[in-house]
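Asker: Pasting the sequence and the predicted model now:
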Amino acid sequence: MFALTVKNMRRSHHRVPLAIDDVEDAFVLPRPLRRAVRFLVSLGSGRINIPAHTGTVATVMLFAVTGLYGMSVGGHGQVVAEATTSAAGFAIEDVKVSGNDETSEIEILQLLGLDGTTSLVALNADAARQKIANLPWVENVEVRKVYPRTVEVKLKERKAYAIWQHGAELSLIQKDGSVIAPLRDNKFAKLPLFVGRDAEASAASVEEAFAKWPDIHAQVKAFVRVAGRRWDLYLDNGVIVRLPEDNIDGALARLTKLDKDQNLLQRDIAAVDLRLADRTAIELTPDATLRRQAAVDARNKALKKAGQDT
């Protein structure tokens, strides 16, 4: 019996091989789950120590996440974020605006929506740029956030080229004819005046046409567009010069010669018509017409009397 016991004990030290059927029936966990199972086994057996207050911290975090999610769904996330970052030292305290001659800084501040507690972190620079870009004088704008408390706004403004009168309205225009804003004061009174339909679109061509004739250009008070095809010049002394549709350069050359030789533009005339290339028509003022008629009548009378005497 003793020998039998010993024999059985010896056999217990060796692994008993499983049959093929037993191996097929054994359950093996997928690899991703093995680590989790081992952790749970260790946790249950007490081999892993959980720090004190872990449950409290986890509960607080759960409530915080739940609260933030609720505020986000309710549309209050931006308000909370702004209040939090402002309290952390990111409230906007300085706005630096540059490049603005015609654009008011007050307008820019209003569009930024600053109220003294606005957070630099929460400020949407792209949205602010789009709002400022819609101001009349702004050609382009850059809005930058400079941490921790500064906003930089850099403008490039449009350049006024002339004044355009359309009906009873006066507007400032760029050289390409695009309207900038209504004319509100006398600050731009020295700019050239263009009058009539489509005058703004053709304004740029005038500078090139008059480049060789600065003396005439300096006397022009207004450029009036006629039928969308040609210009009438209203000089500062009241004389109207009617230019042709084509060959403006030739017409201005003729006008310059007449003025130099005969001091034409200083005479008592109402208009000079240069529309025909082979002739120049002069229109007298009403007073000049009366004086001329009186002179003609006096001459005719004198000739008649002289004829009778002979």
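Answerer: Now that the structure is in, tell me what you want to look at. Numbers count the residues shown, from 1 in each chain.
Asker: Quick one: residues contacting residue 95.
Answerer: 105, 108, 109, 112, 114, 150, 151, 152, 153 (C-beta atoms under 8 Å, 6 or more residues apart in numbering). In this view, the C-beta of every residue, glycine as well, is placed from N, C-alpha and C.
Asker: Which ones among these map onto helices?
Answerer: Using DSSP state H, the subset of the contacts of residue 95 located in helices is 105, 108, 109, 112.
Asker: Now a PyMOL select for only the buried ones of those residues.
Answerer: Buried residues within the ones in helices among the contacts of residue 95, by 16 or more other C-beta atoms under 10 Å, are selected in PyMOL with:
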select buried, resi 108+112
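Asker: JSON lines for the contacts of residue 95, including pLDDT?
Answerer: Shown next, in JSON lines, are the contacts of residue 95 (pLDDT from 0 to 100):
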{"residue": "105", "pLDDT": "94"}
{"residue": "108", "pLDDT": "95"}
{"residue": "109", "pLDDT": "91"}
{"residue": "112", "pLDDT": "92"}
{"residue": "114", "pLDDT": "83"}
{"residue": "150", "pLDDT": "93"}
{"residue": "151", "pLDDT": "95"}
{"residue": "152", "pLDDT": "97"}
{"residue": "153", "pLDDT": "97"}
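Asker: which regions of the stretch 51-200 of the chain sit below the pLDDT cut-off?
Answerer: For the stretch 51-200 of the chain, applying pLDDT under 70 flags the ranges 51-90.
Asker: Swap in 50 and give it another go.
Answerer: 76-89 (pLDDT under 50).
Asker: quick one: the helices in it?
Answerer: Assigned by DSSP state H, counting those that start in this stretch, the stretch 51-200 of the chain shows helices spanning 54-73, 77-85, 105-112, 125-133.
Asker: For stretch 245-261, which outside residues touch it?
Answerer: By C-beta under 8 Å, 6+ apart, stretch 245-261 touches 209-210, 212-213, 215-216, 229-231, 241, 243-244, 264-266, 272, 274-275, 277, 280.
Asker: make it 7 Å
Answerer: 209, 212-213, 216, 229-230, 241, 243-244, 264-265, 272, 274, 277, 280 (C-beta atoms under 7 Å, 6 or more residues apart in numbering).
Asker: Now for those residues: which two are most distant?
Answerer: Greatest spatial distance among the contacts of stretch 245-261 (C-beta to C-beta): 229 and 264, at 25.0 Å.
Asker: Those two: who's more crowded?
Answerer: Counted by other C-beta atoms under 10 Å, residue 229 and residue 264 do not tie: residue 264 has more neighbours, with 17 against 11.
Asker: how close does the more buried one sit to residue 234?
Answerer: According to C-beta to C-beta, to the nearest Å, residue 264 and residue 234 sit 16 Å apart.
Asker: With residue 276 instead?
Answerer: Distance from residue 276 to residue 234, by C-beta to C-beta: 20 Å.
Asker: Residue 102 too?
Answerer: 28 Å.
Asker: try residue 195
Answerer: In terms of C-beta to C-beta, residue 195 sits 8 Å off from residue 234.
Asker: Show me whatever sits in contact with both of the two.
Answerer: 222, 224.
Asker: any idea where the strands of this structure begin and end?
Answerer: Here the chain has its strands, by DSSP state E, at 94-98, 138-146, 150-157, 162-166, 169-173, 179-182, 193-195, 220-226, 230-235, 240-242, 269-273, 281-284.
Asker: Just put those strands in JSON lines and tack on distance to residue 204.
Answerer: Supplementary listing: the strands of the chain in JSON lines, determined by distance: least, C-beta to C-beta, whole Å:
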{"stretch": "strand 94-98", "distance to residue 204": "29"}
{"stretch": "strand 138-146", "distance to residue 204": "17"}
{"stretch": "strand 150-157", "distance to residue 204": "19"}
{"stretch": "strand 162-166", "distance to residue 204": "9"}
{"stretch": "strand 169-173", "distance to residue 204": "10"}
{"stretch": "strand 179-182", "distance to residue 204": "14"}
{"stretch": "strand 193-195", "distance to residue 204": "10"}
{"stretch": "strand 220-226", "distance to residue 204": "12"}
{"stretch": "strand 230-235", "distance to residue 204": "13"}
{"stretch": "strand 240-242", "distance to residue 204": "20"}
{"stretch": "strand 269-273", "distance to residue 204": "25"}
{"stretch": "strand 281-284", "distance to residue 204": "29"}
